[in-house]
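> Predicted structure and sequence below. I'll ask about it afterward.
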Amino acid sequence: MLAYLIRRIGQSALVLLIVGLVAFAMFRFVGDPIDNMLGQERTQEDIDRLRGQLGLDQPFAVQYFRFLENAAQGNFGVSYRQGRPVSDILLERAPATLELAAVSGFLAIAMGIALGVFTAIRRNGFTANFIMSASLIGVSLPTFLIGILLIYIFSVELGWLPSFGRGETVRIGNWTTGFLTETGLKALVLPSITLGLYQMTLIMRLVRSEMLEVLRQDYIRFARARGLRDRVVNFRHALKNTMMPVITVIGLQLGSIIAFAIITETVFQWPGVGLLFINAIQFVDIPVMAAYLMLISVMFVGINLIVDILYFLIDPRLRADRAGAH
Amino acid sequence: MKVSTVAAMAALLASTAMVAQAETLRWARSGDALTLDPHAQNEGPTHTIRHQMYEPLIIRDVTGAFEPALATDWAPKEGDPNVWVFNLREGVKFHDGADFTAEDVVFSFERAKQDNSDMKELIGSITEVRAVDDFTIEMVTDGPNPILPSNLTNLFIMDKGWTEANNTVNVQDFEGGEITFATTNANGTGPYVLTSREPDVKTVMTRNEDYWGRDQFPMEVSEIVYTPIQNAATRVAALLSGEIDFLQDMPVQDLSRVAEADGLAVKTAPQNRVIFFGMNQGADDIEADNIDGANPLADVRVRQAMSMAINRDAIKQVVMRGQSEPAGMIAPPFVNGWTADMDGESGTDIDAAKGLMADAGYADGFSIRLDCPNDRYVNDEAICQAAVGMLGQIGVTVNLDAKPKAQHFPLITDGKTDFYMLGWGVPTYDSEYIFNFLVHGREADIGTWNGTGFDNDDLDAKIASLASNTDLDARNADIASIWRVVQDEQLYIPIHHQVLNWAMTDAVGIDVDPEDQPKVKYFTMN
């Protein structure tokens, strides 16, 4: 067990280091930050001075090593664009992204499971078929198009919901929340639908196919034969057994909700970390790009690590095989 | 009964009149100010936000002309051409109530000359700023500087006492990530007072009722809510849905849609920016072409032919949807030295261009790479694509390489491109600025944006003499003669002057500022 754990953690750390190295090797292709930082009146002397000051005259491996050294001490450097510590900016932006991700994750899971169960039980009904066809839109339309479509309908034409921003927020300690004001809640609606739609249709389709699979099992037939009510059969026996693979996928999708937020946040001018990252790319703000990429990869690697460990704990066969091999 | 109804009506009217006076301007553009420190960054959107709260000695009004701000008048000192005398406005107070005096001006100029200041280049010629009395200052320059006032229109004045009390005498070390009191707070003499600010999210300012010009300017906006919105489609949607009153950085493709919408208007004016192509004529052989051992761009006939092949009217109609003004010289129309004649010197003539190519020995043409930005100017990549087709007509096969600005501009400053697009604005409104950066031979601190390899010592000497020539007629004659060389050499291929669009609701009244610097004190709201 311990050996397995250590091996997995070691592999995760290696993945992180490689992600960072690839990222730093690629930053040079994004462009030269110096040009954005100094005005058009700058002289060659200014350029050289600033380049030296930022360490950009060093090879990328050296820059990467410095980044790691500082990051290990919790210092992610200073944003080239905003001139403030990156960790401050990330902390300030995180609540917006996390609240958006939470709401759209909740929407996706609740709606996805409900619709999945519905379409599985009423397999041949007109409504179920309609929902299934409509869900194709969620899977196939790109996020930015859905966002702009929603803005067009609900902001421009109907004028019901705001087209950009977070509305008014309330500050609680270091956290800013949009849950406590009317404008804040209204502002959440369109972005969370945009962000959650893909996940929702994915969960719905998964629940449906798993449920159909389970409904064909013998124990369901026997349960029906025993005369149990449909509701008990469907929800207590069938749904429960459907959930195992669904939960795994939901866990893995959590990471991508936060990572996909980049596009949604750009469309809705949502002041989260995704928008920060897009800004950073345009400005070649290397410290922000590096910190964001590392953060996202830590998240993905962490989720995968936890899933691996959970499998190990849940599935006795994994342990038995390994015990037998020794 | 009737009387009380009338009284109630009157009360209601009075209250609505009161409400009408509280006018909020909800303003959006694509980017935000980088910092509030008045001297830490020399950048357009950053200056825009500062201009509402801080004031320089002199500002430019909506026509680009000088207007007194904290200085009431200014002139070179009689008998000493190295000194400018400024008389300061009396009775002005900073937002915190402190009095504005000459001491604050001296302090602010010293602060702006610090190493961390991004404004130091603009006032590099000033050796000393001294207070003669409380409301008179003298600026000593290292030689006669006839256009000094042009460099002061974004140089903001801070209160010495406030700055010292809040430990922010030193300019923010922007690259070092320093945050000082002045980067997040503001105490100027300007028409609006900072209420709250979240960088990249929202900045709120309220009207300064004690502003010295409260009765002189409309100042009908009582509160400003400034929101950067990056995505162009979202920006326009916010305007169409009524969430925004005033929009900068209006995307060209949505102009007609906004102009036709009820209650919205688009206002247009030529911008202080000209778009052109540069060609490397200085090298013996260039890498980006298919001709070995020779540089076709070194022949002035080839450069002229390429300019003649560009159909500027077609670019205006098709690429820019009418939002540009074809250019014949690389100076925006407001600039001292610009003439309508020279700006009309570019014509399209494919046959003549082919003839020039044949004379130069390139009847079969050649191929060359064009480097172009794709996120800097209005429709920059599309302009380059159009130019590819037009140059193809005279046998010049162009391979277009369009990149983000962060990759494009280093090519020009590092001399790694032989054919490139560049745009230029002239903050001083004087040709000398253009010559210094684009015509003077490239040296460490001059000619830094001249990627053409053009280097003419006589011309360089003439350009250098402009800085200290106080005889304005002779100086203008020199400027005209330098332009003549630039035009005859076809140093650049001018394309057009960009046009600036501001979109607003019908309630908002403001004329477009050629520098894209809205100053809210000029706004009317009805």
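Received, thanks.

> The helix or strand hosting residue B:278: how far from the chain's middle?
Assigned by DSSP states H and E, residue B:278 belongs to strand B:264-279. Relative to the chain's own centre, strand B:264-279 is displaced by 11 Å; criterion: Cα atoms, centre = their mean, to the nearest Å.

> Please name every helix or strand in contact with it.
Judged by 3 or more Cβ pairs under 8 Å, 6 or more residues apart in numbering or on different chains; DSSP states H and E, strand B:264-279 is in contact with helix B:255-260, helix B:300-309, helix B:380-392, strand B:419-424, strand B:492-505. In short, each C-beta sits where N, CA and C put it, glycine included.

> go again using 6 Å as the cut-off
Applying 3 or more Cβ pairs under 6 Å, 6 or more residues apart in numbering or on different chains; DSSP states H and E, one finds that strand B:264-279 contacts helix B:255-260, strand B:419-424, strand B:492-505.

> wait, which of those is closest to residue B:225?
Within these, the stretch nearest residue B:225 is strand B:492-505; the backing value is 14.0 Å (Cβ to Cβ).

> what's downstream of the closest one, the next helix or strand?
Moving toward the C-terminus from strand B:492-505, the next helix or strand (DSSP H and E) is strand B:508-509.

> Quick check: mean pLDDT of the helix or strand immediately after that next one in the chain?
Per DSSP H and E, strand B:508-509 leads on to strand B:524-525 as the next helix or strand towards the C-terminus. Regarding strand B:524-525, the rounded mean pLDDT is 91.

> Within the sheet, what are the partner strands of strand B:524-525, with directions?
strand B:508-509 (antiparallel) (DSSP bridges).

> about what we covered before: not counting its own residues, what contacts the strand holding residue B:278?
By Cβ atoms under 6 Å, 6 or more residues apart in numbering or on different chains, the surrounding residues in contact with strand B:264-279 are B:255, B:258-259, B:297, B:303, B:325, B:327, B:330, B:332-333, B:377, B:419-425, B:451-452, B:492-506, B:512, B:514-515.

> by how many degrees do it and strand B:492-505 diverge?
160 degrees (axes from the mean of the first three to the mean of the last three Cα atoms, to 10 degrees).

> quick one: buried residues of strand B:264-279?
Under the neighbour-count criterion of 16 or more other Cβ atoms under 10 Å in any protein chain shown, strand B:264-279 has B:264, B:266-267, B:269-279 buried.

> Next: stretch B:473-481.
Of all the residues in stretch B:473-481, those buried under the rule 16+ other Cβ under 10 Å are B:475-476, B:478-479.

> Can you add distance to chain A and give these back as JSON lines?
As requested, those are exported to JSON lines (distance: Cβ to the nearest Cβ, whole Å):
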{"residue": "B:475", "distance to chain A": "21"}
{"residue": "B:476", "distance to chain A": "23"}
{"residue": "B:478", "distance to chain A": "22"}
{"residue": "B:479", "distance to chain A": "20"}
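
> returning to what we had before: tell me the mean pLDDT for the strand holding residue B:278?
On average, the pLDDT along strand B:264-279 is 91.

> ok, back up a step: just the ones in helices from the buried residues of stretch B:473-481, please.
B:475-476, B:478-479 (DSSP state H).

> For residue 219, which non-adjacent residue is spatially closest?
Picking chain A for this. Leaving aside its sequence neighbours, residue A:219 sits nearest to residue A:237 (Cβ to Cβ, 6 or more residues apart in numbering or on different chains; 6.9 Å).

> meant chain B actually
Nearest non-adjacent residue to residue B:219 (Cβ to Cβ, 6+ apart): residue B:521, at 5.2 Å.

> okay, now the one you found: neighbour count?
For residue B:521, the count of nearby residues is 23 (other Cβ atoms under 10 Å in any protein chain shown).

> Can you give me the distance of it to residue B:155?
Shown here: residue B:521 relative to residue B:155, a distance of 18 Å by Cβ to Cβ, to the nearest Å.

> what's the answer for residue A:117, then?
For residue A:117, the distance to residue B:155 equals 67 Å [Cβ to Cβ].

> cool, and residue A:109?
Note on residue A:109: its distance to residue B:155, by Cβ to Cβ, is 56 Å.

> go on, residue B:335?
Residue B:335 is 20 Å from residue B:155, by Cβ to Cβ.

> cool, residue B:377 as well?
27 Å.

> Neighbour count for the two, which is higher?
Higher neighbour count among residue B:377 and residue B:155: residue B:155, with 22 against 18, using other Cβ under 10 Å.

> neighbours around the closest residue to that one other than its chain neighbours, how many?
Leaving aside its sequence neighbours, residue B:155 sits nearest to residue B:56 (Cβ to Cβ, 6+ apart; 4.9 Å). The local packing of residue B:56 (other Cβ under 10 Å) involves 22 other residues.

> contacting residues around the residue of the stretch 151-300 of chain B found nearest chain A?
In the stretch 151-300 of chain B, the residue that lies nearest chain A is residue B:177 (2.6 Å; Cβ to the nearest Cβ). By Cβ under 6 Å, 6+ apart, the contact set of residue B:177 is A:78, A:83-85.

> Farthest pair within these?
Within those, A:83 and A:85 form the most distant pair, 9.4 Å apart (Cβ to Cβ).

> neighbour-wise, which of those two wins?
When residue A:83 and residue A:85 are compared for neighbours, residue A:83 comes out ahead with 23 against 18, by other Cβ under 10 Å.

> Ramachandran angles for the nearest residue to the more buried one once chain neighbours are set aside?
The shortest distance from residue A:83 to any non-neighbouring residue, by Cβ to Cβ, 6+ apart, is to residue B:174 (4.1 Å). Backbone torsions of residue B:174, given as degrees, to the nearest 10, read phi -60, psi -50.
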